[in-house]
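K.L.:
Whatever this is, show me its structure:
(one chain, ligands or ions: 1)
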Amino acid sequence: MSDSPSRVAVVTGGARGIGAATAERLAADGFAVAVVDLDEAACGDTVGKITAAGGRAVGVGADVSDAEQVQAAVERIAAELGPPVVLVNNAGVLRDNLLFKMSDSDWDTVMNVHLRGAFLMSRATQRYMTEQRWGRIVNLSSTSALGNRGQANYATAKAGLQGFTKTLAIELGQFGVTANAIAPGFIVTDMTAATAARVGMDFDEFQKLAAKEIPVRRTGRPEDIAGTVSFLVSDDASFVSGQVIYVAGGPRA
Ligand code: NAP
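P.N.:
Purely as a prediction, here's the structure:
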């Protein structure tokens with residue numbers, strides 16, 4: 001268990017995938033967890049697993065790209081669980097297409113969820129972190145930040161999150177708040193399943209092909225990311241800030 005059992009963590013996109021695994025891990029570490037996702041009912045599984053294991057959690061429906069919904073969600077979390085001092089900006093979407101076929105809406109949706117969403121959530125929660133003189137922000141970047149065919153929108157957003165992270169680290173460090181980014185490689189979730197479907201491949205075959213290119217010769221699991229988040233939000237990581245940690249089974253994937 002963590003040395004900070006009453007701290008409150010917020011995980012966006014916590015209904016499934018990496019967000020769900022992270023919410024469960026932080027609850028196991030002793031945090032009370034707000035599971036934020038577009039649809040409040042969809043948070044039920046994650047919240048149920050946490051409470052069944054003896055943890056404290058609440059599901060909150062909000063679109064992270066909507067300023068009013070974000071404000072209302074964060075106020076509700078503070079009222080129901082306490083001041084949110086850990087924020088994991090994990091909510092994400094894909095709208096992959098080659099540049100010449102990418103629509104305005106493909107571009108805007110990805111920018112809005114990843115960049116605007118992380119900005120709005122960070123701005124709304126930093127007040128509680130700076131008041132407590134302790135806080136942790138973890139942003140989900142991606143190996144796609146290094147460039148990836150068909151992902152001009154997503155690669156740009158994920159690279160942007162790295163600059164955002166470093167700037168938050170510089171601005172908030174004096175208040176005991178750290179900010180770091182995790183850049184996952186291939187993690188088995190609905191998101192990578194959707195990518196396999198889009199390119200017309202069987203998901204198992206898609207994973208096997210991906211694993212061959214990864215130095216540790218396996219694809220990642222949501223728990224691989226959750227474990228890294230667990231370290232970054234711990235007291236042990238208080239001198240780690242403004243970093244991008246590639247969790248990809250190799251230097252990049
Ligand atoms: P996922 O399984 O698709 O889950 C993403 C979650 O975010 C979903 O529950 C989704 O809700 C939610 N979400 C989407 N838009 C939202 C919004 N506007 N407001 C609130 N919630 C929203 O994805 P994942 O694979 O776990 O990925 C999690 C994060 O890691 C993402 O930021 C992703 O870009 C990043 N990442 C993933 C991989 C990978 O290989 N999987 C690699 C690198 C980085 P709905 O179900 O309602 O859409």
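K.L.:
What is the burial count for the nearest residue to residue 248 once chain neighbours are set aside?
P.N.:
Leaving aside its sequence neighbours, residue 248 sits nearest to residue 185 (CB to CB, 6 or more residues apart in numbering; 2.7 Å). (Each C-beta comes from the backbone N, C-alpha and C, glycine too.) Residue 185: 24 surrounding residues under other CB atoms under 10 Å.
K.L.:
same deal with residue 212?
P.N.:
Using other CB under 10 Å, residue 212 is surrounded by 8 other residues.
K.L.:
Return the distance of the lengthiest helix in the chain from the chain's centre.
P.N.:
Using DSSP state H, we find that the single longest helix of the chain is helix 152-172. Between the centre of helix 152-172 and the centre of its chain there are 13 Å (CA atoms, centre = their mean, to the nearest Å).
K.L.:
Show me what the mean pLDDT comes to for it.
P.N.:
Helix 152-172 carries an average pLDDT of 98.
K.L.:
Give the next helix or strand downstream of it.
P.N.:
Scanning forward in sequence from helix 152-172 by DSSP states H and E, the next helix or strand is strand 177-184.
K.L.:
nearest spatial neighbour of residue 231, skipping sequence neighbours?
P.N.:
In space, residue 231 comes closest to residue 237 once its chain neighbours are excluded; the distance is 5.6 Å by CB to CB, 6+ apart.
K.L.:
quick one: that neighbour and residue 178 touch, right?
P.N.:
Yes. Contact between residue 237 and residue 178 holds when scored by CB atoms under 8 Å: they sit 6.8 Å apart.
K.L.:
The stretch 151-253 of the chain against the ligand: which residues are in contact?
P.N.:
Proximity of the stretch 151-253 of the chain to the ligand, by CB under 6 Å from any ligand atom, involves residues 184, 186, 187, 189, 190, 191, 192.
K.L.:
8 Å instead?
P.N.:
Contact residues (CB under 8 Å from any ligand atom) of the stretch 151-253 of the chain with the ligand: 154, 158, 183-192, 194, 220, 222, 225.
K.L.:
among those, which ones are buried?
P.N.:
154, 158, 183-189, 192, 220, 222, 225 (16 or more other CB atoms under 10 Å).
K.L.:
I'd like the distance between residue 73 and residue 144.
P.N.:
For residue 73, the distance to residue 144 equals 27 Å [CB to CB, to the nearest Å].
K.L.:
In the chain, what residue spans correspond to helices?
P.N.:
Using DSSP H, the helices of the chain run over 17-28, 44-52, 67-80, 104-110, 117-132, 152-172, 190-198, 203-213, 222-232.
K.L.:
Out of the ones you listed, which one sits most buried?
P.N.:
Most buried of the helices of the chain by mean neighbour count (mean count of other CB atoms under 10 Å) is helix 17-28; its value is a mean of 26.
K.L.:
In terms of secondary structure, what does it contact?
P.N.:
With contacts taken as 3 or more CB pairs under 8 Å, 6 or more residues apart in numbering; DSSP states H and E, helix 17-28 sits against strand 8-12, strand 32-37, helix 44-52, strand 84-89, helix 222-232.
K.L.:
Show me what the last one is in contact with.
P.N.:
Okay, so that is helix 222-232. With CB atoms under 8 Å, 6 or more residues apart in numbering as the test, helix 222-232 has contacts from 17-18, 20-22, 24-26, 29, 88, 136, 138, 140, 178, 180, 182, 184, 187-189, 237, 240, 245, 247.
K.L.:
what's the span of stretch 41-58, first residue to last?
P.N.:
Length of stretch 41-58, first residue to last, CA to CA, to the nearest Å: 11 Å.
K.L.:
Please state the offset of that stretch from the chain centre?
P.N.:
Counting by CA atoms, centre = their mean, stretch 41-58 comes out at 18 Å from the chain centroid.
K.L.:
could I get the helices and strands packed on helix 17-28 as TSV with mean pLDDT and distance to residue 103?
P.N.:
Converted to TSV, the helices and strands packed on helix 17-28 look like this (pLDDT from 0 to 100; distance: least, CB to CB, whole Å):
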stretch	mean pLDDT	distance to residue 103
strand 8-12	99	25
strand 32-37	98	25
helix 44-52	98	32
strand 84-89	99	25
helix 222-232	99	30
